[in-house]
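[1] dropping the sequence and predicted coords here.
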Amino acid sequence: MSDKSMLDRTTALLEKTTDRRHFLRNSALTALVAGVGTACNSAADARPPVVAQAGAATSGAMGAHDAVKAVSAADAMDAMHEKGIKAFPAKTAGKGNQVLAPRIEKGIKIFELTASKIQWETEPGHMVEAWAYNEQVPGPQIRVREGDRVRLVLHNNLPESTAIHCHGLELPNDQDGVPFITQQPVKPGESYTYEFTVPNAGSHMYHSHHNSAKQVGLGLLGALIVEPKVKAAYDRPDVDQVLILNDGAHGYTFNGKSFPATEPIVAKLGQKLRIRFMNEGMMIHPMHLHGMHMTVVTKDGWPVPAPWRCDTLNIAPGERWDVIVNCNNPGTWAFHCHILPHAESEHGMFGMVTALVVQA
């Protein structure tokens, strides 16, 4: 095709529309084609596909074949996303964070924890090795009252030494649970007893403090809730939920499970929900609730000077944050870590995703 023919065809395209957007696009294409024409020395050098490409860019339309392929790919991705949502909450073997009733002797509340290796199902069909207290991840939830006398007995059935640190409790030094600083490590086959009077109320944790990056990541962790002697308004919620975050060997989990096997939080319209966030992982997790805001009431077990509202709360490793949600908006609301690769991929939602269900 001659240079003149190429320019004539481009001019004709320009005259088909007065739309400013098309005009601007086509003006650039005219300059491109003119430049190509100047560089061509013969009709043999001219390439008709250039004009075809110009026409495609002008319309911005996808070719029929490409459109079919795009829809097919979108359908496949959408099906994966829908499958995960429809599976929620998926059933798996084992449930962690179960309240452990103490044995009481002479007024002392006694809790026995056995650390051992188990197989744990984090999501349907996905079994992992876990190191667990009393064969559950997270370990049993321990609930006591400020001023209680407590005896915590650890039995070590693991292949390596371990210990227990009560994270957040301001205990006597010899009860702090850090090998070679406050005690000797508890070797395989041995038992060790901690005993103390509970000093401070709040949402606390217990976990291994020996080879802890491995042991806590594998599941040696649990919630330790201390009820205050004098209760504030937020200490009387209708629903009290512990949410332990972890990102160790089992991936991104809430209470030992990954979506779609995470457990939804359920409340009735008008109820007050208390959520106790606990980060036992090694990463920051900004927790985002859809549909309603959270009112932050305590940090690491201590009341905040002035409660404040948010819909996304950053939970750093080791931190505990307590929030109140006034459940005034009915429906099923997504609730997830907002570091998006912790919650969703092209295959759908996974990991740190659950839902708040407000029943009308």
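    The structure has been received and is ready for your questions. If you're wondering where the values come from, they're calculated on a predicted model, not measured in any experiment.

[2] now stretch 224-243: buried residues?
    Neighbour-count burial for stretch 224-243 flags Leu224, Ile225, Val226, Tyr234, Pro237, Val239, Gln241, Val242, Leu243 (criterion: 16 or more other CB atoms under 10 Å). (Glycine included, C-beta is placed from N, CA and C.)

[3] can I get the CA coordinates of the helix or strand hosting the last one in CSV?
    This points to Leu243. Assigned by DSSP states H and E, Leu243 belongs to strand 239-246. Taking only C-alpha atoms (Å, rounded to 0.1, in the frame of the first residue of the first chain), the coordinates of strand 239-246 have been written out as CSV:
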residue,chain,number,x,y,z
VAL,A,239,-21.3,-12.2,73.1
ASP,A,240,-17.6,-12.6,74.1
GLN,A,241,-15.3,-13.8,71.3
VAL,A,242,-11.6,-14.6,71.3
LEU,A,243,-9.8,-14.3,68.0
ILE,A,244,-6.2,-15.6,68.0
LEU,A,245,-4.2,-14.7,64.9
ASN,A,246,-1.3,-16.8,63.7
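
[4] which element follows that strand toward the C-terminus?
    Proceeding N to C from strand 239-246, the next assigned helix or strand is strand 253-254, under DSSP H and E.

[5] which strands and helices sit next to that following strand?
    Counting contacts by 3 or more CB pairs under 8 Å, 6 or more residues apart in numbering; DSSP states H and E, strand 253-254 is packed against strand 239-246.

[6] strand partners (parallel or antiparallel) of the strand it packs on?
    Strand pairing for strand 239-246, determined by DSSP bridges: strand 253-254 (antiparallel), strand 272-279 (parallel).

[7] report the mean confidence score over that strand.
    Averaging pLDDT along strand 239-246 gives 98.

[8] just how off-centre is it within its chain?
    12 Å (CA atoms, centre = their mean, to the nearest Å).

[9] looking at the strands paired with strand 239-246, which is buried most?
    Most buried of the strands paired with strand 239-246, by mean neighbour count (mean count of other CB atoms under 10 Å): strand 253-254, with a mean of 26.

[10] list the contacts of it.
    Thr122, Leu243, Ile244, Leu245, Asn246, Asp247, Thr262, Glu263, Gly351, Met352, Thr354 (CB atoms under 8 Å, 6 or more residues apart in numbering).

[11] just the CA atoms of the very next helix or strand once past it, as CSV, please.
    Scanning forward in sequence from strand 253-254 by DSSP H and E, the next helix or strand is strand 265-268. Below are the C-alpha coordinates for strand 265-268, written out as CSV (Å, rounded to 0.1, in the frame of the first residue of the first chain):
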residue,chain,number,x,y,z
ILE,A,265,-19.0,-14.8,64.8
VAL,A,266,-22.7,-14.8,65.4
ALA,A,267,-24.8,-12.2,67.3
LYS,A,268,-28.3,-11.0,67.3
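
[12] and Ala61, how far from Val325?
    Note on Ala61: its distance to Val325, by CB to CB, to the nearest Å, is 47 Å.

[13] now Asn246
    In terms of CB to CB, Asn246 sits 22 Å off from Val325.

[14] swap in Gln119?
    From Gln119 over to Val325 (counting by CB to CB), the distance is 35 Å.

[15] same for the helix or strand encompassing Ala70, what does it pack against?
    Ala70 is part of helix 64-87, with elements assigned from DSSP H and E. Contacts defined by 3+ CB pairs under 8 Å, 6+ apart place helix 64-87 against strand 348-349.

[16] tell me the buried residues in the helix or strand following the strand it packs on?
    Later in the chain than strand 348-349, the nearest helix or strand by DSSP H and E is strand 353-359. Under the neighbour-count criterion of 16+ other CB under 10 Å, strand 353-359 has Val353, Thr354, Ala355, Leu356, Val357, Val358 buried.

[17] residues in contact with strand 353-359?
    Residues contacting strand 353-359 (CB under 8 Å, 6+ apart): 88, 254, 259, 262-269, 273, 289-292, 325, 327-337, 343-344.

[18] what's the angle from it to strand 272-279?
    Relative orientation of strand 353-359 and strand 272-279, computed by axes from the mean of the first three to the mean of the last three CA atoms, to 10 degrees: 170 degrees.

[19] may I have strand 353-359 as PDB, with CA atoms only?
    What follows is strand 353-359, C-alpha atoms only, in PDB (Å, rounded to 0.1, in the frame of the first residue of the first chain):
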ATOM      1  CA  VAL A 353     -11.200 -14.400  56.500                       C
ATOM      2  CA  THR A 354     -14.300 -15.000  58.600                       C
ATOM      3  CA  ALA A 355     -17.700 -13.300  58.800                       C
ATOM      4  CA  LEU A 356     -19.800 -11.500  61.400                       C
ATOM      5  CA  VAL A 357     -23.400 -12.700  61.200                       C
ATOM      6  CA  VAL A 358     -25.900 -10.300  62.700                       C
ATOM      7  CA  GLN A 359     -29.200 -12.100  62.900                       C
END
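
[20] just how off-centre is that strand within its chain?
    14 Å.

[21] same thing with stretch 78-95?
    Its chain's average C-alpha position is 15 Å from that of stretch 78-95, according to CA atoms, centre = their mean.

[22] pull out the buried positions in it.
    Result for stretch 78-95 [16+ other CB under 10 Å]: buried residues Gly84, Phe88, Ala90, Thr92, Gly94.

[23] swap in stretch 197-211?
    Those would be Val198, Ala201, Gly202, Ser203, His204, Met205, Tyr206, His207, Ser208, His209, His210, Asn211, for stretch 197-211 by 16+ other CB under 10 Å.
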